[in-house]
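J.: Can you look at this prediction? I've put the sequence above it.
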Amino acid sequence: MFCSQDPSLLRFLVDIRGADVTDSQLRDDLMTMLIAGHETTAAVLTWCLYCLAQDAPLMQKVCAEIDEVMGPVTDAPSVPDYEQIQNMETVRLCLAEALRLYPEPPILIRRCLEDVPLPSGAGTNEVTLIKGMDVFISVWNLHRHPDCWEEPLKFDPMRFKRPYQNPGVKDWAGYNPDLISGLYPNEVTSDFAFIPFGAGARKCIGDQFAMLEATRCVSFFYFRMGNSIDVVFFCLLQLFGDDAAAVQVRDDEGCERRRDGDGRDDSHRRRFAHEGVPSIGEGYPVHSLTRINIDRLLLFPRFA
């Protein structure tokens, strides 16, 4: 039951789960939702728009669904309400598929409170996790594993409407779309093969809120902008370490560039000027890179 003395979003999210938590736990969950939920939502929006930009028919289908649900475009800003978001099934499945291919975060960390024997699955070895052991769960690999997904590397949002079974994975119930009960297919529908928000007692408390927010952003974007935009991706190179760190880049024509300390290299601006591709800072267009030696590569969209 919703607590009228504390009408906050976080309190509501906790109450609908039927959890009884302390103020310190609420504080920790709030920090998690605000900090962890900021960049993760931005990342899934980036990858969702990127994947849609590679599939024109699917993007047109998404835009058609948004137009049908939202109605005609008006001068006044319009955003979908909860009922309209529920009716945008294709949009929500596209976000879910982006979370499958590009999960945020790509790993989950848990600590065993007791010895846990693992099910054999598709293997033959008997494995027991020992009490006190830290376990790193690779969500990225799980979401792309061929034992759990048909054509795992393909962006196919409609896969979530089809049941899938693999008798080769012992005791795995497979994927059952009839079990979808919220805004996205979760660990229950996939028997823990799809865990973008984690699962169990430590599952992200803001999963439904994140899907609401992301669906609203995607629908508002395409509703106002239409499907005639071009999405151009750039990479931002961030160096970590001392100022003497060097970056070596090899482009698709085999040309090497080296940057030492404060050295500047503007050749990429000249190289891509004739293609009409704008430059941002010291970034190189992503499509030009085949090998790069840096500490981190960040992607972000630019819309033309």
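T.: On my side now, so go ahead.

J.: Now Lys170, what are its backbone angles?
T.: phi -60, psi 130 (degrees, to the nearest 10).

J.: Not counting residues beside it along the chain, what's closest to it?
T.: When the adjacent residues along the chain are set aside, Lys170 lies closest to Ser120, with 5.3 Å between them (C-beta to C-beta, 6 or more residues apart in numbering). Placement of C-beta: from N, CA and C, glycine included.

J.: what's around the nearest residue to Val139 once chain neighbours are set aside, how many residues?
T.: Closest residue in space to Val139, ignoring its immediate chain neighbours: Pro103 at 4.4 Å, by C-beta to C-beta, 6+ apart. Neighbourhood size, Pro103 [other C-beta atoms under 10 Å]: 25.

J.: what's the nearest residue to Leu129 if we skip its chain neighbours?
T.: That would be Val116: by C-beta to C-beta, 6+ apart, it lies 4.3 Å from Leu129.

J.: would the residue nearest to Val139 count as being in a helix?
T.: No - going by DSSP: H, G, I helix; E, B strand; the rest coil, the assignment for Pro103 is coil, not a helix.

J.: Tell me the pLDDT of it.
T.: Looking at Pro103, its pLDDT stands at 94.

J.: show me the residues around it that make contact.
T.: Counting by C-beta atoms under 8 Å, 6 or more residues apart in numbering, Pro103 touches Val139, Trp140, His143, Pro196.

J.: which two from the residues you listed end up farthest apart in space?
T.: The largest separation in the contacts of Pro103, counting by C-beta to C-beta, is between Trp140 and Pro196 at 10.7 Å.

J.: Which one of those two is surrounded by more residues?
T.: Pro196 (26 against 15).

J.: Confirm for me that the more buried one is in contact with Ala98.
T.: No - at 9.2 Å, Pro196 does not count as touching Ala98 under the criterion of C-beta atoms under 8 Å.

J.: could you pull out the strands for the stretch 1-150 of the chain?
T.: Remark: strands assigned in the stretch 1-150 of the chain by DSSP state E, counting those that start in this stretch are 107-111, 116-117, 128-129, 134-138.

J.: what domains does the record give for this protein?
T.: Structural domains assigned to the chain are 9-225, 231-303, following automatic domain parsing.

J.: Output the longest helix seen in the chain as CSV - backbone C-alpha positions only.
T.: Looking across the chain with DSSP state H, the single longest helix is helix 207-225. Provided in CSV are the C-alpha atoms of helix 207-225 (Å, rounded to 0.1, in the frame of the first residue of the first chain):
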residue,chain,number,x,y,z
ASP,A,207,13.5,-1.1,-13.8
GLN,A,208,9.9,-0.1,-14.6
PHE,A,209,10.8,3.6,-14.2
ALA,A,210,13.7,3.2,-16.5
MET,A,211,11.5,1.6,-19.2
LEU,A,212,8.9,4.4,-18.7
GLU,A,213,11.6,7.0,-19.1
ALA,A,214,13.3,5.4,-22.1
THR,A,215,10.1,4.7,-24.0
ARG,A,216,8.9,8.2,-23.4
CYS,A,217,12.2,9.6,-24.7
VAL,A,218,12.2,7.5,-27.9
SER,A,219,8.6,8.1,-28.7
PHE,A,220,8.9,11.9,-28.1
PHE,A,221,12.0,12.0,-30.3
TYR,A,222,10.5,10.2,-33.3
PHE,A,223,7.1,11.9,-32.8
ARG,A,224,8.7,15.3,-33.1
MET,A,225,11.5,14.5,-35.5
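
J.: Residues in contact with that helix: which ones?
T.: Residues outside helix 207-225 that contact it (C-beta under 8 Å, 6+ apart): 9, 13, 33, 37, 40-41, 44-45, 48-49, 59, 62-63, 66-67, 69-70, 73, 77-80, 82, 84-85, 88, 91-92, 94-95, 182-184, 186, 196-197, 204, 303.
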